[in-house]
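A.B. asks: Provided below for reference: sequence and predicted model.
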Amino acid sequence: MPHNMSNAASAAHEALAKVEASMPLRHNDSDPLIKEDGWLHLSRRGMWIAVGVTFLLVGAIGIFLPLIPTTGPLIVAAWAFAKGSPTLHRWLISNRLFGPFIVEWETYGVIKPRAKVLALSSMGLASAWMAFGAQMHWALAALGIVLCAVGAVYVASRPSSHAIAD
């Protein structure tokens, strides 16, 4: 194994430990609306888990369908799981395929160059389709194009490595 690969694995392991250490495992007991055994806590937990599962499924579908994004939905799934189920969050960030980029996002706000290219390309293709290929109302197409443009600016503005983000 090359030396730089072991350093990368070590850095990813340290970042994962930071994320896990920063995750609260219990809610604030001073909040009267959220109690560990209360119905509101269970409904909020269930809502966050449902949001996480939904975005996990969208991300999984995006692996096979080129115009559906993968990275963004998986990041949203990790965020929702962190709020609703630390166990599911740890499961997702320990996944050998998706975990490293989610940990880098959570720790440093980094989007790797390959993911940026894929995201920007899919947003560009979706915008072109809405502008020229889709038979939809012009206002709906314009809204979709504007949302893609805002997303593209955000994705392009994120750092590509954690050395830049530090």
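C.D. replies: Yes, it's here.

A.B. asks: element containing residue 73?
C.D. replies: helix 71-84 (DSSP states H and E).

A.B. asks: remind me, longest helix of the chain?
C.D. replies: helix 39-64 (DSSP state H).

A.B. asks: may I see the buried residues of it?
C.D. replies: Buried residues in helix 39-64, counted by 16 or more other C-beta atoms under 10 Å: 44-45, 48-49, 51-53, 55-56, 58-59, 62. For the C-beta atoms, the positions are set from N, CA and C on the backbone; glycine is no exception.

A.B. asks: cool, and stretch 127-139?
C.D. replies: 127, 130.

A.B. asks: need the residues that contact it.
C.D. replies: 67, 141, 144-145, 148-149 (C-beta atoms under 8 Å, 6 or more residues apart in numbering).

A.B. asks: the residues you listed: which two are farthest apart?
C.D. replies: Farthest pair in the contacts of stretch 127-139 (C-beta to C-beta) is 67 and 149. Separation: 16.3 Å.

A.B. asks: dihedrals phi and psi, residue 69?
C.D. replies: When read as degrees, to the nearest 10, the backbone of residue 69 gives phi -70, psi 160.
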